[in-house]
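[1] Build me a model from this:
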Amino acid sequence: MCYSFCYICSPKANESIILQKILNLYLLIFYMKNTFFFLIVVSLLLLSSCATNTDFLTSPLTFKGVSITSLSNAETEVFTSYDIKSFNGTTGQICFVDEKVGSKLSHYRKLNCYIGTDSIFSVNLTSDVMSSVVNDLVLNSSSSGNYYFADGYPALIQNAGSITLRAQNKTKRANSWALFIAILKTEQKYND
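    Numbering: from 1, shown residues only. Below you'll find the model as predicted:
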(Lines give C-alpha, C1' and ligand atoms only; values in the text may rest on other atoms or scores of the structure.)
Protein backbone atom coordinates (compact mmCIF):
# COMPACT_ATOMS: atom_id res chain seq x y z
CA MET A 1 0.00 0.00 0.00
CA CYS A 2 1.23 3.37 -0.95
CA TYR A 3 0.63 6.56 0.93
CA SER A 4 0.37 9.97 -0.64
CA PHE A 5 3.73 11.03 0.71
CA CYS A 6 5.46 8.19 -1.13
CA TYR A 7 7.30 9.83 -4.00
CA ILE A 8 7.64 6.74 -6.18
CA CYS A 9 3.93 6.12 -6.42
CA SER A 10 2.95 9.68 -7.03
CA PRO A 11 2.03 10.75 -10.58
CA LYS A 12 4.75 13.41 -10.49
CA ALA A 13 7.35 10.74 -9.77
CA ASN A 14 6.32 8.78 -12.88
CA GLU A 15 6.53 11.94 -14.99
CA SER A 16 9.91 12.74 -13.50
CA ILE A 17 11.29 9.26 -14.25
CA ILE A 18 9.94 9.34 -17.78
CA LEU A 19 11.37 12.82 -18.37
CA GLN A 20 14.70 11.74 -16.94
CA LYS A 21 14.79 8.69 -19.21
CA ILE A 22 13.88 10.81 -22.24
CA LEU A 23 16.57 13.31 -21.30
CA ASN A 24 19.13 10.52 -20.89
CA LEU A 25 18.17 9.05 -24.25
CA TYR A 26 18.39 12.49 -25.89
CA LEU A 27 21.84 13.09 -24.37
CA LEU A 28 23.00 9.65 -25.44
CA ILE A 29 21.88 10.31 -29.03
CA PHE A 30 23.40 13.81 -28.93
CA TYR A 31 26.77 12.51 -27.72
CA MET A 32 26.72 9.62 -30.18
CA LYS A 33 26.04 12.03 -33.05
CA ASN A 34 28.80 14.35 -31.90
CA THR A 35 31.19 11.45 -31.43
CA PHE A 36 30.27 10.13 -34.86
CA PHE A 37 30.84 13.54 -36.47
CA PHE A 38 34.05 13.96 -34.48
CA LEU A 39 35.33 10.61 -35.76
CA ILE A 40 34.42 11.56 -39.32
CA VAL A 41 36.25 14.89 -39.03
CA VAL A 42 39.35 13.25 -37.52
CA SER A 43 39.35 10.58 -40.23
CA LEU A 44 39.10 13.19 -42.98
CA LEU A 45 41.92 15.20 -41.44
CA LEU A 46 44.13 12.13 -41.25
CA LEU A 47 43.36 11.18 -44.82
CA SER A 48 43.98 14.69 -46.11
CA SER A 49 47.25 14.97 -44.20
CA CYS A 50 48.42 11.73 -45.77
CA ALA A 51 47.68 13.15 -49.17
CA THR A 52 49.64 16.34 -48.50
CA ASN A 53 52.66 14.37 -47.28
CA THR A 54 52.92 12.66 -50.65
CA ASP A 55 52.49 16.01 -52.38
CA PHE A 56 56.07 16.76 -51.32
CA LEU A 57 57.26 13.99 -53.58
CA THR A 58 55.64 15.59 -56.60
CA SER A 59 56.78 19.14 -55.86
CA PRO A 60 59.94 20.23 -57.62
CA LEU A 61 63.00 21.13 -55.60
CA THR A 62 63.98 24.78 -55.90
CA PHE A 63 67.45 26.08 -55.06
CA LYS A 64 67.57 29.77 -54.19
CA GLY A 65 70.35 32.04 -53.06
CA VAL A 66 71.45 35.62 -52.59
CA SER A 67 73.87 36.66 -55.31
CA ILE A 68 77.25 37.94 -54.11
CA THR A 69 76.70 41.01 -56.32
CA SER A 70 73.22 41.72 -54.96
CA LEU A 71 72.63 44.84 -52.87
CA SER A 72 69.60 43.28 -51.18
CA ASN A 73 69.17 40.05 -49.26
CA ALA A 74 66.41 38.86 -51.58
CA GLU A 75 66.80 35.27 -52.72
CA THR A 76 66.53 34.47 -56.39
CA GLU A 77 65.92 31.11 -58.01
CA VAL A 78 69.16 29.56 -59.21
CA PHE A 79 67.86 26.19 -60.43
CA THR A 80 65.13 23.60 -59.84
CA SER A 81 65.06 19.83 -59.93
CA TYR A 82 63.85 20.19 -63.53
CA ASP A 83 67.34 21.51 -64.31
CA ILE A 84 68.98 18.43 -62.81
CA LYS A 85 69.86 15.74 -65.33
CA SER A 86 71.08 13.19 -62.77
CA PHE A 87 72.45 12.74 -59.27
CA ASN A 88 74.83 9.93 -58.31
CA GLY A 89 74.22 8.89 -54.71
CA THR A 90 77.60 7.17 -54.42
CA THR A 91 79.88 9.92 -55.70
CA GLY A 92 77.62 12.91 -54.94
CA GLN A 93 77.98 14.16 -58.51
CA ILE A 94 75.12 16.27 -59.81
CA CYS A 95 74.77 16.84 -63.56
CA PHE A 96 72.67 19.61 -65.05
CA VAL A 97 70.58 19.55 -68.21
CA ASP A 98 72.12 22.86 -69.29
CA GLU A 99 75.72 23.90 -68.60
CA LYS A 100 74.52 27.46 -67.95
CA VAL A 101 73.25 26.38 -64.53
CA GLY A 102 76.79 25.55 -63.47
CA SER A 103 78.09 28.92 -64.62
CA LYS A 104 75.37 30.68 -62.55
CA LEU A 105 76.56 28.93 -59.37
CA SER A 106 79.77 30.97 -59.22
CA HIS A 107 77.66 34.04 -58.34
CA TYR A 108 76.52 32.51 -55.02
CA ARG A 109 78.14 31.48 -51.73
CA LYS A 110 75.21 29.56 -50.32
CA LEU A 111 71.94 28.09 -51.59
CA ASN A 112 68.78 27.04 -49.78
CA CYS A 113 66.85 24.04 -51.07
CA TYR A 114 63.06 24.42 -50.97
CA ILE A 115 60.04 22.23 -51.48
CA GLY A 116 57.29 24.71 -52.14
CA THR A 117 57.90 27.41 -49.52
CA ASP A 118 59.58 25.06 -47.01
CA SER A 119 63.37 25.24 -46.77
CA ILE A 120 64.73 21.74 -46.23
CA PHE A 121 68.49 22.38 -46.14
CA SER A 122 71.25 24.84 -47.01
CA VAL A 123 74.34 24.11 -49.04
CA ASN A 124 77.60 26.09 -49.20
CA LEU A 125 79.18 26.54 -52.63
CA THR A 126 82.87 25.76 -52.83
CA SER A 127 85.51 25.23 -55.51
CA ASP A 128 88.78 23.34 -55.68
CA VAL A 129 90.74 26.59 -55.45
CA MET A 130 89.36 27.53 -52.00
CA SER A 131 91.74 27.53 -49.07
CA SER A 132 89.11 27.61 -46.32
CA VAL A 133 87.48 24.70 -44.48
CA VAL A 134 83.70 24.17 -44.50
CA ASN A 135 82.28 21.57 -42.09
CA ASP A 136 78.76 21.42 -43.47
CA LEU A 137 77.09 20.35 -46.72
CA VAL A 138 78.82 21.76 -49.79
CA LEU A 139 78.23 21.74 -53.52
CA ASN A 140 81.79 21.74 -54.83
CA SER A 141 82.82 22.85 -58.29
CA SER A 142 85.76 20.68 -59.30
CA SER A 143 88.58 21.84 -61.55
CA SER A 144 87.17 19.54 -64.26
CA GLY A 145 83.88 21.49 -64.28
CA ASN A 146 81.83 18.85 -62.45
CA TYR A 147 79.72 19.48 -59.34
CA TYR A 148 79.66 17.28 -56.26
CA PHE A 149 77.69 17.32 -53.01
CA ALA A 150 79.90 16.49 -50.03
CA ASP A 151 79.65 16.64 -46.24
CA GLY A 152 82.37 19.30 -46.13
CA TYR A 153 85.29 20.91 -47.89
CA PRO A 154 87.95 19.78 -48.44
CA ALA A 155 86.54 16.28 -48.80
CA LEU A 156 89.48 14.60 -47.07
CA ILE A 157 90.45 16.15 -43.77
CA GLN A 158 92.46 14.76 -40.84
CA ASN A 159 91.22 17.13 -38.12
CA ALA A 160 89.22 15.16 -35.52
CA GLY A 161 87.10 18.20 -34.61
CA SER A 162 86.11 18.78 -38.24
CA ILE A 163 85.32 15.10 -38.75
CA THR A 164 83.06 15.09 -35.66
CA LEU A 165 81.32 18.33 -36.66
CA ARG A 166 80.67 17.03 -40.19
CA ALA A 167 79.16 13.82 -38.80
CA GLN A 168 76.89 15.82 -36.46
CA ASN A 169 75.74 18.12 -39.27
CA LYS A 170 75.06 15.13 -41.53
CA THR A 171 72.92 13.57 -38.80
CA LYS A 172 70.96 16.83 -38.35
CA ARG A 173 70.03 17.02 -42.02
CA ALA A 174 69.43 13.26 -42.52
CA ASN A 175 65.62 13.57 -42.85
CA SER A 176 65.86 16.52 -45.23
CA TRP A 177 68.49 14.76 -47.30
CA ALA A 178 66.31 11.64 -47.47
CA LEU A 179 63.45 13.80 -48.78
CA PHE A 180 65.78 15.33 -51.37
CA ILE A 181 66.79 11.83 -52.53
CA ALA A 182 63.16 10.62 -52.56
CA ILE A 183 62.13 13.48 -54.84
CA LEU A 184 65.04 12.83 -57.20
CA LYS A 185 64.06 9.14 -57.29
CA THR A 186 60.45 10.09 -58.05
CA GLU A 187 61.71 12.26 -60.92
CA GLN A 188 63.94 9.36 -62.03
CA LYS A 189 67.11 11.42 -61.69
CA TYR A 190 68.80 9.42 -58.93
CA ASN A 191 71.30 6.63 -59.54
CA ASP A 192 73.79 4.79 -57.34
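[2] Contacts only, for the residue lying closest to Ser143 once chain neighbours are set aside.
    Nearest non-adjacent residue to Ser143, counting by CB to CB, 6 or more residues apart in numbering: Asp128, 4.6 Å away. To be clear about C-beta, it is placed using only N, CA and C from the backbone, and glycine gets the same treatment. Applying CB atoms under 8 Å, 6 or more residues apart in numbering, we find Asp128 in contact with 140-143.
[3] Now, those that are in helices?
    Within the contacts of Asp128, no residue falls in helices by DSSP state H.
[4] hmm, which of those residues are the buried ones?
    Buried residues within the contacts of Asp128, counting neighbours by 16 or more other CB atoms under 10 Å: 140-141.
[5] Go through the contacts of Asp128 and name the one nearest Ser86.
    The nearest member of these to Ser86, counting by CB to CB, is Ser142 at 16.1 Å.
[6] three-state assignment of Tyr82?
    Three-state assignment for Tyr82 (DSSP: H, G, I helix; E, B strand; the rest coil): helix.
[7] From what I see, it and Pro60 are in contact.
    Yes. Tyr82 is within contact range of Pro60, at 5.8 Å (criterion: CB atoms under 8 Å).
[8] Which of the two has more residues huddled nearby?
    Between Tyr82 and Pro60, Pro60 has the larger neighbour count (other CB atoms under 10 Å), namely 14 against 11.
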